[in-house]
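Asker: here is my input; please provide its structure:
(2 chains)
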Amino acid sequence: MILKKIISKLALLALLGAMTGAGMAADNVGFVYVSPIGDAGWTYQHDLGRLQLEKETGVTTSFVENVAEGPDAERVIREMAKRGDKVVFATSFGFMNYALKVSKTFRKTAFVHATGYKMGKNMGLVNARFYEGRYLTGVIAGEMTKSNVLGYVAAFPIPEVMQGINAFIQGARSVNPKAELRVIWVNSWFDPGKERQAALTLLSQEADVITHHTDSTAVVQAAEDQGKYAFGYHSDMSKYGPNAHLTATTHLWGDYYVKTIKEVQAGTWEPTSVWGGYKEGMIALAPLNKAIPADLQSRIRDLEKQMTAGSLHAFAGPVVDQAGKIIVPAGQNMTDEQLNSMNYYLQGVVSKVPN
Amino acid sequence: MESSILSSILFATIVAGTPLIIVALGQLIAEKSGVLNLGAEGMMSMGAIAGFAVTFETGNVWLGVLAGMAAGALMSWLFAVVVLTLMGNQVATGLALSIFGVGLSAFIGKPYEAEILPTVGAIRIPLLADIPIIGNPLFNQQILVYFSWALFGAIVWFLYRSRPGLVLRAVGESPSSAHSIGYPSIRIRYMATLFGGAMAGIGGAFLSVFYTPLWVEGMVSGRGWIAIALVVFATWRPFRVMVGAYLFGGVMVAQLFVQGSGLEVNIPSQFLSALPYLATIIVLVIISRDQNTVRLNAPVSLGQPYRPDA
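Answerer: Okay, here's the model as predicted:
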């Protein structure tokens, strides 16, 4: 939105003014955030990583939050590179082309872009396997549901969201073949009112365990109000629904940030494309709610160990789509290429894929 | 089973339409006096954070609503000073107010982002609430829903049945004529603008205290703009504003229900999401297609600055 851009521009001017005055003695690392840090959510998790980085390596960091995915992003990234930041982390999909462009001018700076697909001579990529957490929450959902109807409030049908939906039903069906999943698309990453309405709609139509791939906590709150269950996303959202919140899929970036900075300081850094999951310590579940029976809790812990060891894949064959077509035969796992082009629902999802 | 779904759709429709009605009716009064305030989004945001913060600090929902109202009114006062006293351009100032309000609310709201409020209970009207299907949606709602209906009644009476309402409309038609027969056009415009701001503030507080009891930056999500558009498409008629708001809420809720039903629908969800806007515009354009009624209801001096000579 134009208005938002104007606001962030103003904020930016003020921030940049303040930042140029800061000292440059120690190695500095810059972070570009797409939204305010807040108390939960995508940017909040990255900021936890930033704080861990400061604590473990002693580098100084600076960040600019609420940077629109547009020309503003380029200016922020360029400014960080220009003042001599060793590494710049651009943490939103829409920053990709801008980071790449700036990286060509500042060859000595290391750039890392999250969730994108273009690499450069001095620009690496990082992403997390959110679907691994989704699979585990699906297992919990499959066991906890009484109506066998699960609900999912989703933003836009891009592969990352589709992976989450499909992993959720794969997990649920692995323990409860009768489970079905209904999806409501709200076509917005962030509209608490609409997200809540979608959640209430699902709950009033038999669903008793719901989750969401949008950015607010409204869905968890709605489940709390209705006395049903929900899973958080990005961050632990138990505060917003102490009874409803069974657990949440969270992502952790700190270890990766620390590793990157150490490599840069040692001069051994090469741009890589990291897609980390349980194995890399980048995905974890928030604390499990007491409502989850002890034996199920320990089974989940077991599954987590298997994922860490690499012996359990969320999309282990047979993976069957809605039409009954076998996507992955038994005995094989879905490839990353297949994951990245996912645009269909798997068996168990009763809604239709938009468009 | 089916009737209970109908009942829940109706219920959700009324809830979704309520903030739009409150804000749009407030803007309607302001526009009837000739003041076009495009700052609804900003005033709602300020109302939302003020309502949330005060409810959170005091635990009193009423103080929260009052604070939301005051915050909205204060924002519109700023606007009024610029456009009515300093003769600033209404469109530009309104846009600035929107940007300012959204940004300022985010700034003030920082410490409240992590907080939550308990859900405000509904007020059940005995007997009436037991009517099948429509009883629950109409008579078992949160207090501000009833308020929106009272507001509608009051505004209809005020505009079309009361003398001050007549004066207000006269100022909107021709402030200089109203001034020449002794009415304080500027002061009337001030009051109308403040009223519009106060209602936008209540609408914002409804979102953050009643609808989704939480505060996050940007939570108004364009509802202020929808309310402004509603007033125009409803050709400045209160009843049509109500129809438009419920239609918008209804189509939005209905499409969610269709998606959540698990039924096979071959309509892209993007289209379903656009449907509320489309349906509301089409219906309001059709009922307002008569050029004469449009001309009759549109305030002639809308958006034009006015300075009394001497």
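Asker: quick one: low-confidence residue ranges for the stretch 201-350 of chain A.
Answerer: The stretch 201-350 of chain A contains no residues with pLDDT under 70.
Asker: same thing but at 90, please
Answerer: Residues of the stretch 201-350 of chain A meeting the criterion pLDDT under 90: A:205, A:214-216, A:317, A:323, A:340, A:350.
Asker: contact residues of it facing chain B?
Answerer: With the criterion set to C-beta under 8 Å from any C-beta of the partner chain, the stretch 201-350 of chain A comes near chain B through A:201-202, A:204-205, A:207, A:216-218, A:221, A:225, A:239-240, A:350. (Each C-beta comes from the backbone N, C-alpha and C, glycine too.)
Asker: can you rerun that using 7 Å?
Answerer: A:Thr201, A:Leu202, A:Ser204, A:Gln205, A:Ser216, A:Thr217, A:Ala218, A:Gln221, A:Asp225, A:Tyr240, A:Val350 (C-beta under 7 Å from any C-beta of the partner chain).
Asker: what's near enough to touch the first one?
Answerer: By that I understand A:Thr201. Shown in contact with A:Thr201 (C-beta atoms under 7 Å, 6 or more residues apart in numbering or on different chains): A:Ile184, B:Leu256, B:Phe257, B:Gly260.
Asker: where exactly do the helices run in the stretch 1-150 of chain B?
Answerer: B:2-32, B:40-58, B:61-80, B:90-109, B:135-139, B:143-161 (DSSP state H, counting those that start in this stretch).
Asker: now do the stretch 151-300 of chain B
Answerer: So, for the stretch 151-300 of chain B - with DSSP H, counting those that start in this stretch - the helices run B:163-173, B:175-180, B:185-205, B:223-233, B:238-260, B:269-287, B:291-297.
Asker: now the third one and helix B:61-80, what's the angle there?
Answerer: I take that to be helix B:185-205. Taking axes from the mean of the first three to the mean of the last three C-alpha atoms, to 10 degrees, helix B:185-205 and helix B:61-80 form an angle of 140 degrees between their directions.
Asker: how about helix B:185-205 and chain A, any contact?
Answerer: No. Helix B:185-205 lies out of reach of chain A by C-beta under 7 Å from any C-beta, never closer than 11.6 Å.
Asker: list the buried ones in that helix?
Answerer: Under the neighbour-count criterion of 16 or more other C-beta atoms under 10 Å in any protein chain shown, helix B:185-205 has B:185-186, B:188-205 buried.
Asker: by how many degrees do it and helix B:2-32 diverge?
Answerer: Using the same axes, to 10 degrees: helix B:185-205 against helix B:2-32 is 150 degrees.
Asker: just how off-centre is helix B:185-205 within its chain?
Answerer: On the basis of C-alpha atoms, centre = their mean, to the nearest Å, helix B:185-205 sits 11 Å off its chain's mean C-alpha point.
Asker: so what does it touch, helix or strand wise?
Answerer: Counting contacts by 3 or more C-beta pairs under 7 Å, 6 or more residues apart in numbering or on different chains; DSSP states H and E, helix B:185-205 packs against helix B:2-32, helix B:40-58, helix B:61-80, helix B:163-173, helix B:175-180.
Asker: what comes up buried for the last one?
Answerer: Read that as helix B:175-180. Neighbour-count burial for helix B:175-180 [16+ other C-beta under 10 Å]: B:Pro175, B:Ala178, B:His179.
Asker: also the first one?
Answerer: Within helix B:2-32, the residues that count as buried by 16+ other C-beta under 10 Å are B:7-32.
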